[in-house]
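# Curious how this folds, go ahead:
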Amino acid sequence: MTAPTLKSILPELNLGGARLERLDADLIARAYKFSEKAHHGQKRSSGAPYLDHCVEVAKILAELHLDSSTVACGLIHDVVEDTAVTVADVAAEFGKEIAAIVDGVTKIGNISFQSREERQVENYRKLLLSIAKDVRVILIKLADRLHNMRTLDYLPEEKRRRIAQETMDLYAPLAHRFGMAQMRWELEDLSFKYIEPPEYKVLAKLVAQKRDLREQLIGQFSEPLDRDLKRAGINDVEVVGRPKHLWSIWKKMKSRDKPYEEIYDLMAVRVLVNSVPECYHALGVIHDGWTPLQERIKDYIAQPKSNGYQSLHTTVFGPGRQLYEVQIRTREMHETAEYGIAAHWLYKENRTSADKAEQDMSWLRQILEFQLDAKNPDEFLEFLKLDLYQKEIFVLTPTGDVIELPEGATPLDFAFAVHTEVGLHCQGAKVNGRITPLSRELRSSDTVEILTSPTAKPSRDWLSHVRTGRARHKIRQWIRVEEQNTSAKIGREMLDRELRRRHIKQDDTLLSEAAKALGLNDSKHLISSLGQGDIALAHALRIMFPDEAGNKPAKASTIERLVRRVRGPAPGVRIQGVDGLMVRYSQCCQPVPGDGVVGYVTRGRGVSIHRADCPNVLSLGEEPERRLEIDWKEQAGELFSVRLALEGSDRRGLYADVAAAITESGTSIKSMELKSGMGGSVSGSVLLEVENLAHLQKITKLIRRVKGISTAERREKTDKH
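Coordinates of the predicted model:
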């Protein structure tokens, strides 16, 4: 019998002969037959045999220049998830290495979860853990997702949109984080097609119509550039037009609020050379012949991006004063930029490049350290999105060390990047020698000095000023420990007081038994849960002392079991005659003195004060016990932040007139934003500091009198407790 050829297994495989020879045809043939047998009779939504999908995934992996084991895994990646085959069966046929990779790609199947979101997060968690063990898991998962996105038309619209959104939120960022630019761009464009179908169709048509003109303009720039580079002694050079992808163009149109025709940096050129010195030589030739934009020159060779990307970027004025983006890199850098972490495999006989790929996984292990501590699906996904897909900036310590941070990072992010203790004890910062707020966004080349104090400590407000997963994780971890300690003190105080009232002697053995009966780890956990309000004191006492079940705790304990005590009450606020409760003013309806208000007892965050007509408290019919009557008396000098939504018709000087109207009333403006919309409309908001409801109403009237403003009002938003 004739031995199978790779082209007979993977039809139309687009690889050169030398690369094909490096693949193990026997292994791939066995994987093909194994998959064919396991998926026999299965069809995809399109009606095509399921095996076709497996072959296409393997082709994508082969075109990424991956090794034989990875291509074989592509053929059998779904056998455990979608057929009766087990991981043990795969191990028996192909060995432990391939079985472990297939298991890493397989979703969690036989565990029950409370929600689809919880199942999704656990699948993500398993995927990340598997990637940390073997990076080839993500390469197969990305290839699988890419082919699914290419064939998404056959699914119902709702499912198409959900899969496309997940791809945009997770898989495209993962491709970016692993430096796989080509994969990322295609995933983004395909997701765009299904998330925003009308916008995609319009933009795709515009790009197609302008293609000939764009190619003509690129030729007018690239041809003389090629001549100048060769004249300068850089002979083995390639100058090619670089395609701009639809999602990238759409994002620029949205962020700049400009039509397609005004996105001038659609003209993009790439220069490929053989060595790093030639990269800098080429940059000099370009700047000698064309005027550069100084703020758009970036050196990612000296300071590579966290995903390994290296290149020189510059933007110059080309023919007709048209702006051209130019990327200059070596061919090796280009291969890394296109294939990312996949470029480390490249059919090498030794493990040198594969080991380099493993070293590049340090960022993922750090993310896992944070995310494994996440308490719920929302927190996990928040960490994941924070760390996967961000542009980098480079800032300096006072001694000249370079710290890499995401775009939008603040001095707090810098402090935690230097050391956890520096972050936890941060009390201020100097940027370029000047004292600056901890919320200020940093820029590349800033020099940052952190001011610390042994008595300084984090606050919950810091969470709104950080952009890195590390800083967010450390702040939340510190707050969690502090809250647990506070809850333990409150829980112990509540328990001791109630035991004294009932004349019962404390028994640690009974406390431990009660903890076990309630499914808690130990008595310390039980006491903290009492302080947090997660477990009712009366319920715990009934378990500890069944004979005392008829005695009810004092009324105040009902509130104490739900609300944590703090240093003192909010000024002017009294809750059902109980002092010393933590009070916060809800941001969803922004109450001020003079509003009709109601208190809402939250879990672990005290009493939240809402306006009586707030939709978030009107929906609490099934939990009336959590509503409290509030006595709120205005205190002299106290100010409250209120955001007003503004709408109207745009005109010259509108912003200045609104600001003047507010200022004339003696009111402080914390921030204001107005944006022009379609058809001459304008919308935005203004954040004010007011004393009471009468003050707010006065300002609102003044703003509405400004010519062009039709609406100025508070608007409720959803507020989760």
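# Every contact and neighbour count from this point should use C-alpha atoms.
OK.
# Was I right to think residue 340 contacts residue 183?
No - the pair residue 340 and residue 183 does not pass the contact test of C-alpha atoms under 8 Å, sitting 9.4 Å apart.
# Any regions of the protein where pLDDT drops low?
Low-confidence segments of the chain (pLDDT under 70): 1-21, 107-133, 264-266, 342-391, 533-534, 547-583, 601-606, 617-626, 633-634, 715-721.
# And the helices in the stretch 51-200 of the chain, which stretches?
For the stretch 51-200 of the chain, the helices defined by DSSP state H, counting those that start in this stretch occupy 68-76, 79-82, 87-94, 96-105, 116-133, 136-150, 157-166, 172-177, 181-195, 197-231.
# In TSV: these, plus mean neighbour count and distance to residue 323.
Output for those, formatted as TSV (neighbours: other C-alpha atoms under 10 Å; distance: least, C-alpha to C-alpha, whole Å):
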stretch	mean neighbour count	distance to residue 323
helix 68-76	27	42
helix 79-82	19	50
helix 87-94	16	54
helix 96-105	22	44
helix 116-133	17	41
helix 136-150	21	33
helix 157-166	16	33
helix 172-177	24	26
helix 181-195	21	22
helix 197-231	15	10
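# For residue 438, find the nearest of those helices.
With C-alpha to C-alpha as the criterion, residue 438 lies closest to helix 172-177 of the helices of the stretch 51-200 of the chain, at 27.6 Å.
# Could you give the separation of that closest one from the chain centroid?
11 Å (C-alpha atoms, centre = their mean, to the nearest Å).
# Alpha carbons only: can I get it in PDB?
Taking Å, rounded to 0.1, in the frame of the first residue of the first chain, the C-alpha atoms of helix 172-177 are listed here in PDB:
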ATOM      1  CA  ALA A 172      -8.500  38.300  19.400                       C
ATOM      2  CA  PRO A 173      -6.900  39.800  22.500                       C
ATOM      3  CA  LEU A 174      -5.200  36.500  23.200                       C
ATOM      4  CA  ALA A 175      -3.800  36.400  19.600                       C
ATOM      5  CA  HIS A 176      -2.600  40.000  20.200                       C
ATOM      6  CA  ARG A 177      -1.000  39.100  23.500                       C
END
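# and that helix, what does it pack onto?
helix 181-195, helix 377-388 (3 or more C-alpha pairs under 8 Å, 6 or more residues apart in numbering; DSSP states H and E).
# tilt between the first one and helix 136-150?
Translated: helix 181-195. For helix 181-195 against helix 136-150, the angle by axes from the mean of the first three to the mean of the last three C-alpha atoms, to 10 degrees is 40 degrees.
# So what touches helix 181-195?
142, 146, 149-150, 160-161, 164-165, 167-168, 171-173, 175-176, 200-201, 245-247, 337-340 (C-alpha atoms under 8 Å, 6 or more residues apart in numbering).
# wouldn't residue 81 be in contact with residue 104 here?
No - applying C-alpha under 8 Å, one finds residue 81 not in contact with residue 104, separated by 10.9 Å.
# in stretch 279-286, what's buried?
Using 16 or more other C-alpha atoms under 10 Å as the test for burial, stretch 279-286 gives 279-280, 282-283, 286.
# Include secondary structure and distance to residue 610 when you put those residues into TSV, please.
Listed next are the buried residues of stretch 279-286 as TSV, based on DSSP: H, G, I helix; E, B strand; the rest coil; distance: C-alpha to C-alpha, whole Å:
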residue	secondary structure	distance to residue 610
279	helix	61
280	helix	61
282	helix	63
283	helix	60
286	helix	61
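# Dump the residues you listed into JSON lines; add distance to residue 632 as well.
Listed next are the buried residues of stretch 279-286 as JSON lines, based on distance: C-alpha to C-alpha, whole Å:
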{"residue": "279", "distance to residue 632": "68"}
{"residue": "280", "distance to residue 632": "68"}
{"residue": "282", "distance to residue 632": "70"}
{"residue": "283", "distance to residue 632": "67"}
{"residue": "286", "distance to residue 632": "68"}
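# Closest to residue 456 out of the residues you listed?
For the buried residues of stretch 279-286, the nearest to residue 456 is residue 280 (46.4 Å; C-alpha to C-alpha).
# That closest one and residue 329, how far apart?
9 Å (C-alpha to C-alpha, to the nearest Å).
# Next, give phi and psi for residue 323.
Here is the backbone geometry of residue 323 (degrees, to the nearest 10): phi -80, psi 130.
# before we move on, the earlier item: ok, which of the helices of the stretch 51-200 of the chain comes nearest residue 407?
Closest approach to residue 407 among those (C-alpha to C-alpha): helix 172-177, 14.7 Å.
# So which residues make contact with that closest one?
Contacts for helix 172-177 (C-alpha under 8 Å, 6+ apart): 142, 181, 183-185, 187-188, 306-307, 388-389.
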